[in-house]
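Undergrad: based on what follows, work out the 3D shape:
(2 chains)
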There are 2 protein chains.
Amino acid sequence: MTLTKDLVVARTLLEIWPTLSTAHRIKQFRILSRPAAEELFLSLTATEQVELTHGLSDVEIRSWLRFLPPDDAADFIQKMPDERRLALLALLDERTRQEVVGLLAYADDAAGGLMNPEYIRLRPEIRVAEAIGYVRAQAKAHVKIYYGYVLDAKQRLLGVVSIRQLLLEPPNTLVRDIMRREFLTVRENTPGEEVAHLFSLHTQLMAVPVVDESGVVKGIVTHDDVATLLEKETTEDIQKIGGMEALDVPYFRAGFQQLIKKRAGWLTVLFLGEMFTATAMGYFEDEIAKAVVLALFVPLIISSGGNSGSQASTLIIRSLALQEIRLRDWWRVFGRELWSGLALGSILGSIGFLRIVIWQQWRPIYGEYYILVAFTVAFSLVGVVTWGTLSGSMLPFLLRRAGFDPASASAPFVATLVDVTGLIIYFSVASLLLSGTLL
Amino acid sequence: MTLTKDLVVARTLLEIWPTLSTAHRIKQFRILSRPAAEELFLSLTATEQVELTHGLSDVEIRSWLRFLPPDDAADFIQKMPDERRLALLALLDERTRQEVVGLLAYADDAAGGLMNPEYIRLRPEIRVAEAIGYVRAQAKAHVKIYYGYVLDAKQRLLGVVSIRQLLLEPPNTLVRDIMRREFLTVRENTPGEEVAHLFSLHTQLMAVPVVDESGVVKGIVTHDDVATLLEKETTEDIQKIGGMEALDVPYFRAGFQQLIKKRAGWLTVLFLGEMFTATAMGYFEDEIAKAVVLALFVPLIISSGGNSGSQASTLIIRSLALQEIRLRDWWRVFGRELWSGLALGSILGSIGFLRIVIWQQWRPIYGEYYILVAFTVAFSLVGVVTWGTLSGSMLPFLLRRAGFDPASASAPFVATLVDVTGLIIYFSVASLLLSGTLL
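TA: As a prediction, the model looks like this:
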């Protein structure tokens, strides 16, 4: 009964974890029974695990560190301050220490850093019944049992056989005859994002082997290793789309200073960019003085450009992230977005035209040349929306081409870009249509 | 060798699938060998599978339909036009047909609609060796073998044992003694999003049983069933944040009309909302006529409000989606965002102030009262950014509270909301500071 209640507590804790203070977390963790604490500990991120251990003794830390599989232990040690690392490595048993040291050499978001060096090894010439025996012999708490990897004498990967298949085939079948000789592999330096994409394409895939140039297996990356990574990357994308630096931690875990820092940077850059609107408006000061009515529509026109640009950039950023669109597709996208922009601009332009003409009948505030003003607004909208749509859709391609993250083509970034050019389009159209009358 | 080459082709096809035309897809699919075609077919979404079968004969469709596990077969049939469904059901064998009909009754994004009715059943009083025998006997192409579900005589769930555990434990151990009596379950009507969240909290979890009110197992939902769902929901969120309706299909698969429809709706709504800026500006027409210099800063001020609002809303939307923040946290968020807004507003306000004062020394375009203008801009920025940050952070809470998707608090939506109020704040500050001088 204690166990049962404790596990429920552990799960509830996990749910509300991001909202708890560090002190509260440590306190709650320490009163859990070991099985419940283990359940909780395994579900935490490495950063959260490290934070928890600030409240634990070295003996306790050793116990938890040894409880983790080598890849997670490496992540844990990676998150520790440099001066603590050697002491922590010393807490591990000899074999795990060697594996962890090996893993620490990789970037923690490449396949080499994500992989678990322990996996089930099989030989091609054994029979299924024997293979099941080998699986049993190699199975430990740290090993994830989805596939057996069939190796030749030089440890090179010959084939893969799923445990399920071992259970299904007649016991005296040779492993060689049932193993798949076609399989996906990744290299140690394959970026985690690419590995994640592999799993999202092949939803049935549970693990992928990491091999070196000669085909020797260094470890396996399992689907749950990348699930966290994928969620993190998506959050980063979304925050960038919103026009801020990626926050890296849950909202309430970010300090106030950190929160301001991540937001103020981009906000200031955008503000500096947006200052060009004041400059642009300055050039048209005379026009505004002559026809104040023009100023009234400035927010409407520039925001329409910003909104259509934001739609286009978000659409393209996500499609690029899901690899529905490749870099080389930019020209096809350009054509589609040109027509989309013209269509959307025409819709808004018509509404804007009708708005001014109809409104004028009720409250004549737009002066005697209201029809010309209406045409100016309508044509400007077509131009600005088309321009916004095109800029918004092309910017992610340009950023990717230049080696940046396409998600940086945030809604506010595109809006700022389009605001300045939108003003120029608007006042140019106005000069053209209204010269001789209002201007 | 044919097999090998074919599988490589299948994988390449899968990669470029979203960019191919329907005709091209069917053509490529038909020239694949059966194993390669199977690999490809299983990795497609139900919609893509349905599309493929337009080019196949009924005999071929039967073969593919029978190849699918019942949950996927149900999804497949669900995507077919109503009038085709009965004919398709008739292609299934009796038992699967019953299962599929049962599944069709559920909403396809609830656990009942996602689940596979086939799973490994075990009895508590058997021994491990026997249990492995049962697993073998029940294993078929359609069954996902992660856990055995231990049922009582009335089919109620008593415990769960992983296949890995069966392999690890001594053969004569009783299943009852090693099964976990604490396990997660979901109900048939649990929303898919919640099931997905469960898997993302418990990354080690491979499958979760779906039980009815009396604890009888109706089926299991596996991690890959929700992976696709999760990706789809995230894409919808991102597209909503960008200010458009969710597109539901990859970019190039959406028809031109569909693309326009999904974008024009929100764009028009935003445009109509933004029209209030013209109305608001209309109220201040006299002020603008008297002090044209005020008009110059309109885009700068309203866009700063929009940008800070967009940051705040995106941050909160994602935190709500990841359940880092709950509805009841709104008050804590309010406090934090109020201070964030004041801090960010002060930063931008200071930059704006300096910009005007310094610029004036080089090119005196802001007139003799430029210091007052600079103060007007600075105080307005503090007000507008604080207001933008607060609106942006509170809007997702309000939407969720009212039963809508928080992601609808898109960057453009918040920007539009803030534009109108931003103008009022700006011109009010101006009236206060400049009356007697410029106004």
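Undergrad: okay, now the single nearest residue of the stretch 151-300 of chain A relative to chain B: neighbour count?
TA: The nearest approach of the stretch 151-300 of chain A to chain B comes at residue A:242, 2.4 Å away (Cβ to the nearest Cβ). C-beta coordinates here come from the backbone N, C-alpha and C atoms, glycine included. Residue A:242 is flanked by 30 other residues according to other Cβ atoms under 10 Å in any protein chain shown.
Undergrad: and for residue A:288?
TA: 23.
Undergrad: again, but for residue A:426
TA: Neighbour tally, residue A:426, other Cβ under 10 Å: 26.
Undergrad: go on, residue A:111?
TA: 29.
Undergrad: from residue B:415, how far off is the nearest residue to residue A:419 once chain neighbours are set aside?
TA: Leaving aside its chain neighbours, residue A:419 sits nearest to residue A:302 (4.6 Å; criterion: Cβ to Cβ, 6 or more residues apart in numbering or on different chains). For residue A:302, the distance to residue B:415 (Cβ to Cβ, to the nearest Å) stands at 11 Å.
Undergrad: how about the residues of the stretch 101-250 of chain A that lie near chain B?
TA: Residues of the stretch 101-250 of chain A lying close to chain B by Cβ under 8 Å from any Cβ of the partner chain are A:132, A:135-136, A:139, A:145, A:163-164, A:167-168, A:181-182, A:184, A:199-204, A:223-224, A:227-228, A:231, A:234-235, A:237-239, A:241-244, A:247, A:250.
Undergrad: show me where the stretch 1-150 of chain A has strands.
TA: For the stretch 1-150 of chain A, applying DSSP state E, counting those that start in this stretch gives strands covering A:120-122, A:147-151.
Undergrad: please give the element, helix or strand, for the residue in the stretch 301-439 of chain A that chain B sits nearest to.
TA: Of all residues in the stretch 301-439 of chain A, the one sitting closest to chain B is residue A:314 (2.4 Å; Cβ to the nearest Cβ). Per DSSP states H and E, residue A:314 falls inside helix A:298-321.
Undergrad: packing partners for that helix?
TA: Identification of packing neighbours for helix A:298-321 by 3 or more Cβ pairs under 8 Å, 6 or more residues apart in numbering or on different chains; DSSP states H and E yields helix A:223-241, helix A:330-362, helix A:370-401, helix A:411-434, helix B:223-241, helix B:256-283, helix B:298-321, helix B:411-434.
Undergrad: buried residues, the second one. List them.
TA: The one in question is helix A:330-362. A:330, A:333, A:336-337, A:340-345, A:347-349, A:351-353, A:355-357, A:359-360 (16 or more other Cβ atoms under 10 Å in any protein chain shown).
Undergrad: what's the answer for stretch A:163-181, then?
TA: Within stretch A:163-181, the residues scored as buried using 16+ other Cβ under 10 Å are A:163, A:164, A:165, A:166, A:167, A:168, A:169, A:173, A:175, A:176, A:178, A:179.
Undergrad: circling back to that earlier point, pLDDT (mean, whole number) over the helix holding residue A:314?
TA: Per-residue pLDDT over helix A:298-321 has a mean of 89.
Undergrad: ditto for stretch A:370-385
TA: Here the average pLDDT along stretch A:370-385 is 93.
Undergrad: how about the CA coordinates for that stretch, as CSV?
TA: What follows is stretch A:370-385, C-alpha atoms only, in CSV (Å, rounded to 0.1, in the frame of the first residue of the first chain):
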residue,chain,number,x,y,z
TYR,A,370,-12.4,60.3,-51.0
ILE,A,371,-12.6,58.0,-54.1
LEU,A,372,-9.0,58.7,-54.9
VAL,A,373,-8.1,58.1,-51.2
ALA,A,374,-10.0,54.8,-51.4
PHE,A,375,-8.1,53.8,-54.5
THR,A,376,-4.8,54.7,-52.9
VAL,A,377,-5.5,52.5,-49.9
ALA,A,378,-6.7,49.6,-52.1
PHE,A,379,-3.8,49.6,-54.4
SER,A,380,-1.3,50.0,-51.5
LEU,A,381,-2.9,47.0,-49.8
VAL,A,382,-2.4,44.9,-52.9
GLY,A,383,1.2,45.9,-53.1
VAL,A,384,2.0,45.7,-49.4
VAL,A,385,0.3,42.3,-48.8
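Undergrad: report the buried members of the residues of the stretch 101-250 of chain A next to chain B.
TA: For those, buried by 16+ other Cβ under 10 Å: A:132, A:135-136, A:139, A:145, A:163-164, A:167-168, A:182, A:199-203, A:223-224, A:227-228, A:231, A:234-235, A:237-239, A:241-244, A:247, A:250.
Undergrad: mind checking pLDDT for residue A:113?
TA: Reading off the model, residue A:113 has pLDDT 83.
Undergrad: that one and chain B, how far apart?
TA: 17 Å (Cβ to the nearest Cβ, to the nearest Å).
Undergrad: was I right to think that residue contacts residue A:100?
TA: No. Applying Cβ atoms under 8 Å, one finds residue A:113 not in contact with residue A:100, separated by 11.4 Å.
Undergrad: comparing these two, which residue is more hemmed in?
TA: Neighbours per residue (other Cβ under 10 Å) separate residue A:113 from residue A:100, with residue A:100 holding more: 25 against 21.
Undergrad: name the nearest residue to that one, sequence neighbours excluded.
TA: residue A:74 (4.8 Å).
Undergrad: the one you found and residue A:107, how far apart?
TA: 12 Å.
Undergrad: between these two, which has more neighbouring residues?
TA: residue A:74 (28 against 14).
Undergrad: that one contacts residue A:113, correct?
TA: Yes. Between residue A:74 and residue A:113 a contact is recorded at 7.3 Å, counting by Cβ under 8 Å.
Undergrad: before we move on, back to that, what sits against the residue nearest to residue A:419?
TA: By Cβ atoms under 8 Å, 6 or more residues apart in numbering or on different chains, the contact set of residue A:302 is A:277, A:384, A:418, A:419, A:422, A:423, A:426, B:299, B:303.
Undergrad: quick one: which of these is nearest residue A:30?
TA: residue B:303 (50.2 Å; Cβ to Cβ).
Undergrad: so which residues of the stretch 1-150 of chain A form helices?
TA: For the stretch 1-150 of chain A, helices defined by DSSP state H, counting those that start in this stretch occupy the ranges A:2-16, A:22-30, A:34-43, A:46-53, A:58-67, A:70-78, A:82-89, A:94-104, A:111-114, A:128-138.
Undergrad: highest average neighbour count across these?
TA: helix A:111-114 (a mean of 26; mean count of other Cβ atoms under 10 Å in any protein chain shown).
Undergrad: which residues are in contact with the lowest-mean-pLDDT helix or strand in chain A?
TA: Each helix and strand of chain A was given a mean pLDDT (mean pLDDT, DSSP states H and E); the minimum falls on helix A:2-16 at a mean of 70. For helix A:2-16, the external contacting residues (Cβ under 8 Å, 6+ apart) are A:20, A:28-29, A:32-33, A:35-37, A:39-40, A:43-44, B:181-182, B:184, B:201, B:323.
Undergrad: which of the buried residues of stretch A:163-181 fall within strands?
TA: Applying DSSP state E to the buried residues of stretch A:163-181, no entry is found in strands.
Undergrad: and these, which of them are in helices?
TA: Counting by DSSP state H, the buried residues of stretch A:163-181 place A:163, A:164, A:165, A:166, A:167, A:168, A:175, A:176, A:178 in helices.
Undergrad: got a pLDDT number for the residue nearest to residue A:100?
TA: So residue A:74 comes in at 85 (pLDDT).
Undergrad: tell me which of the helices and strands packed on helix A:298-321 is the most buried.
TA: helix B:298-321 (a mean of 30).
Undergrad: run the angle between it and helix A:256-283 for me.
TA: Relative orientation of helix B:298-321 versus helix A:256-283 (axes from the mean of the first three to the mean of the last three Cα atoms, to 10 degrees): 150 degrees.
Undergrad: for helix B:298-321, list the C-alpha coordinates in PDB.
TA: Output in PDB follows, covering the C-alpha atoms of helix B:298-321 (Å, rounded to 0.1, in the frame of the first residue of the first chain):
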ATOM      1  CA  VAL B 298       3.100  56.000 -34.900                       C
ATOM      2  CA  PRO B 299       4.500  52.900 -36.700                       C
ATOM      3  CA  LEU B 300       7.400  52.700 -34.200                       C
ATOM      4  CA  ILE B 301       5.200  52.800 -31.200                       C
ATOM      5  CA  ILE B 302       2.400  50.500 -32.200                       C
ATOM      6  CA  SER B 303       4.900  47.900 -33.600                       C
ATOM      7  CA  SER B 304       6.800  47.900 -30.300                       C
ATOM      8  CA  GLY B 305       3.600  47.000 -28.500                       C
ATOM      9  CA  GLY B 306       2.800  44.300 -31.100                       C
ATOM     10  CA  ASN B 307       6.300  42.800 -30.800                       C
ATOM     11  CA  SER B 308       6.300  42.600 -27.100                       C
ATOM     12  CA  GLY B 309       2.800  41.200 -27.100                       C
ATOM     13  CA  SER B 310       3.800  38.600 -29.600                       C
ATOM     14  CA  GLN B 311       6.800  37.500 -27.500                       C
ATOM     15  CA  ALA B 312       4.600  37.200 -24.400                       C
ATOM     16  CA  SER B 313       1.800  35.300 -26.100                       C
ATOM     17  CA  THR B 314       4.100  32.800 -27.800                       C
ATOM     18  CA  LEU B 315       5.900  32.100 -24.600                       C
ATOM     19  CA  ILE B 316       2.700  31.500 -22.700                       C
ATOM     20  CA  ILE B 317       1.100  29.400 -25.500                       C
ATOM     21  CA  ARG B 318       4.000  27.000 -25.600                       C
ATOM     22  CA  SER B 319       4.200  26.800 -21.800                       C
ATOM     23  CA  LEU B 320       0.500  26.000 -21.600                       C
ATOM     24  CA  ALA B 321       0.800  23.400 -24.400                       C
END
